[in-house]
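1. What follows is a protein structure lacking sequence information:
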């Protein structure tokens, strides 16, 4: 049964996963383009570190994008077919959901492995200044956890009813509109800031997306 | 009289004919009333603000005192001056220690743009419509205090050393400084810095007391001197024309390299320790010294900067240097690793969302 589910999922989202794999592989390699000079000095380290910091914002964004793609694609065809296919299967709802989730996770292994390979390759290609180190394995592990979390979030949202999605959208939109109105009325009250801070600091769900995502670091 | 009236009427008709039709479109009375109300509100606001504006632009200045800082401001800016004065004072106390009696009084004027400040008093001109001038004003006050306090330290030949250190100390948070100092120590390739980074306190003493005009033979090895000259020579025409530089790089003559360092010091700005790292050393000495530390620094004299800082801290030099190094090492930025707690927490959240997905009601309600 799992193989069938995996096969259908591959048919639905294989192209997107392939594109994500390509980007994940290229990203670390692109990030070390300036780390190729023959005799780097500490001044080069000072230039390289901010560059790495700039690139470090792309990794969590890519993890979110892959999670969004895989999470929504996992359910698109079920929604389109009004879940007739799922209802014809001799499975409980929770079982079917776990199979879909497992199939999604299995597909995510490909872009995660691509990022790890890209990181290892980039680390071997880069000539880094003294005092700096490469972190391809740690970066790949962080990326893997972030992708799985993003996938589970978007998978849950997509699995929900239109009403649930509406509630989530309404809450997010309501907060944005409230902040906008407060700003227009000249108030300095920050509604979004504290909520955002709670989300990206322990024990918030998005903590993994914050922090340092540097392929080359001190 | 009559012809004059007809003249006005004719002119009005011509003007009316020239006015675009869209401007003459009829409007609702309610819309007119709204516009009039808005204008009336604006007139009231401007009328109410007029005395304050007149006071802001002329008249006597009030004096706001916070600690040893005196701020001269127009009366309408009293609250603002109080706010920035307190913020600047908190900053000063955190850097110079609780014994602020050693600080000399600082007088600063904060006046709106267009108004002349009192003569011979440092004046900052604030925007008429301030958006976020607090940071600007606090920075101005701190720079005045810095300049004033620097004159109280006898720098000897260490003027630039202390100047940079105190400047960096006043304008950057301690943690950020220590973090920058960590990058500095971690990435500088010079043997003396690498040894200090690895924990050799005697090398830390040498690197910490390295001034920009110090003897280069103390801070760099012969090979490092040659590499530095080679790098600077690539981008500096005077060095490319120098015979000493050519002998240093091409023949590997160390005496020629030392000559180049002495002759072209203005071009070779390589310094074993950055101003930020020095600032962390001065700050460590002041922190360890506690009450009266800055007073002790101001009271010390002489060329041995480490001895002066140890006196400031009230501890032996080795203890000062070990504490300084420990503080820097403690601020090592978190590398790209996955802390165990973060990993488990992310996993727990993933489980929560998956369980939520399995309990969706879509199949029941369509």
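-> Perfect, I can see it now. Bear in mind that the values here come from a model prediction, so they are computed numbers and not experimental data.
2. Show me the shaky parts of the stretch 51-200 of chain B.
-> Along the stretch 51-200 of chain B, the parts satisfying pLDDT under 70 run over B:51-58, B:95-102, B:128-132, B:150-151, B:154-161, B:163-172.
3. Smallest gap between it and chain A, at which residue?
-> residue B:187 (3.7 Å; Cβ to the nearest Cβ). To be clear about C-beta, it is placed using only N, CA and C from the backbone, and glycine gets the same treatment.
4. That residue contacts residue A:218, correct?
-> Yes - contact criterion Cβ atoms under 8 Å: residue B:187 and residue A:218 qualify, at 6.8 Å.
5. Show me whatever sits in contact with both of these two.
-> A:49, A:131, A:132 (Cβ atoms under 8 Å, 6 or more residues apart in numbering or on different chains).
6. between these, which has the most around it?
-> Highest neighbour count within the shared contacts of residue B:187 and residue A:218: residue A:132, with 22 neighbours (other Cβ atoms under 10 Å in any protein chain shown).
7. Contact partners for that one?
-> Applying Cβ under 8 Å, 6+ apart to residue A:132 gives the contacts A:45, A:48, A:49, A:216, A:217, A:218, B:186, B:187.
8. now the strands for the chain?
-> No chain specified, so I'll use chain A. Under the criterion DSSP state E, chain A contains strands at A:133-134, A:216-217.
9. wrong one, I was asking about chain B
-> Under the criterion DSSP E, strands of chain B are mapped to B:62-66, B:69-73, B:106-112, B:123-126.
10. now for the longest helix anywhere in chain A, which elements pack on it?
-> For chain A, the helix with the greatest residue count under DSSP state H is helix A:93-125. Applying 3 or more Cβ pairs under 8 Å, 6 or more residues apart in numbering or on different chains; DSSP states H and E, we find helix A:93-125 packed against helix A:2-31, helix A:58-80, strand A:133-134, helix A:136-159, helix B:340-358.
11. helices and strands around the third one, which ones?
-> Using 3+ Cβ pairs under 8 Å, 6+ apart as the contact test, the elements touching strand A:133-134 are helix A:93-125, strand A:216-217.
12. low-scoring stretches of chain A, by residue?
-> A:36-44, A:46.
13. Any idea which residue is closest to the centre of it?
-> By Cα atoms, centre = their mean, chain A has its centre lying nearest to residue A:63, at 1.6 Å.
14. what number of residues lie near residue 173?
-> In the absence of a named chain, this looks at chain A. A count of nearby residues for residue A:173, using other Cβ under 10 Å, gives 10.
15. wrong chain, I was asking about chain B
-> The burial count assigned to residue B:173 is 10, neighbours taken as other Cβ under 10 Å.
16. What of residue A:208?
-> The tally of other residues near residue A:208 (other Cβ under 10 Å) stands at 29.
17. is it true that it touches residue A:143?
-> No - using Cβ under 8 Å, residue A:208 is not in contact with residue A:143, being 9.6 Å away.
18. if you go through the stretch 51-200 of chain B in chain order, where are the helices?
-> Residue ranges of the helices in the stretch 51-200 of chain B, as given by DSSP state H, counting those that start in this stretch, are B:78-96, B:134-150, B:159-171, B:174-187, B:191-198.
19. Near chain A, which residues of the stretch 151-300 of chain B are found?
-> B:182, B:183, B:186, B:187, B:188, B:189, B:231 (Cβ under 8 Å from any Cβ of the partner chain).
20. Export these as TSV, with columns for neighbour count.
-> Shown next, in TSV, are these (neighbours: other Cβ atoms under 10 Å in any protein chain shown):
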residue	neighbour count
B:182	21
B:183	24
B:186	22
B:187	23
B:188	28
B:189	15
B:231	16
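21. Which two among those are spaced furthest apart?
-> B:182 and B:231 (23.8 Å; Cβ to Cβ).
22. follow-up on the earlier one: contacting residues for the residue nearest to the centre of chain A?
-> A:143, A:146, A:147, A:150, A:209.
23. what sits against residue 175?
-> In the absence of a named chain, chain A is used. A:191, A:192, A:195 are the contacts of residue A:175 under Cβ under 8 Å, 6+ apart.
24. wrong chain, I was asking about chain B
-> Residue B:175 is in contact with residue B:331, counting by Cβ under 8 Å, 6+ apart.
25. Could you rerun that using 10 Å?
-> By Cβ atoms under 10 Å, 6 or more residues apart in numbering or on different chains, the residues touching residue B:175 are B:327, B:330, B:331.
26. gap between it and residue A:133?
-> Per Cβ to Cβ, to the nearest Å, residue B:175 is found 22 Å from residue A:133.
27. Ok, residue A:98 next?
-> Taking Cβ to Cβ, one finds residue A:98 at 40 Å from residue A:133.
28. neighbours of the closest residue to residue A:53 other than its chain neighbours, just the number please.
-> Distances taken as Cβ to Cβ, 6 or more residues apart in numbering or on different chains place residue A:214 nearest to residue A:53, at 6.8 Å, with adjacent residues excluded. Counted by other Cβ under 10 Å, the residues lying close to residue A:214 total 26.
29. hang on, residue A:214 packs against residue A:55?
-> Yes - judged on Cβ atoms under 10 Å, residue A:214 makes contact with residue A:55 at a distance of 8.0 Å.
30. where do the contact lists of those two overlap?
-> Listed as contacting both residue A:214 and residue A:55 by Cβ under 10 Å, 6+ apart are residue A:31.
31. just to revisit the earlier point, just send the strands of chain B back as TSV, with distance to residue B:353 and mean neighbour count too.
-> Converted to TSV, the strands of chain B look like this (distance: least, Cβ to Cβ, whole Å; neighbours: other Cβ atoms under 10 Å in any protein chain shown):
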stretch	distance to residue B:353	mean neighbour count
strand B:62-66	52	16
strand B:69-73	54	22
strand B:106-112	53	21
strand B:123-126	51	19
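32. Go through those strands and name the closest to residue B:30.
-> Comparing the strands of chain B by Cβ to Cβ, strand B:106-112 comes nearest, at 40.0 Å.
33. deepest of the strands of chain A, which one?
-> Highest mean neighbour count of the strands of chain A: strand A:216-217, a mean of 26 (counted as mean count of other Cβ atoms under 10 Å in any protein chain shown).
34. which helices and strands sit right next to that one?
-> Using 3 or more Cβ pairs under 10 Å, 6 or more residues apart in numbering or on different chains; DSSP states H and E as the contact test, the elements touching strand A:216-217 are helix A:42-56, strand A:133-134, helix A:136-159.
35. Try it again at 7 Å.
-> Here strand A:216-217 is seen to pack against helix A:42-56 when contacts are counted using 3 or more Cβ pairs under 7 Å, 6 or more residues apart in numbering or on different chains; DSSP states H and E.
36. Run the chain-centre distance for the helix it packs on.
-> Between the centre of helix A:42-56 and the centre of its chain there are 23 Å (Cα atoms, centre = their mean, to the nearest Å).
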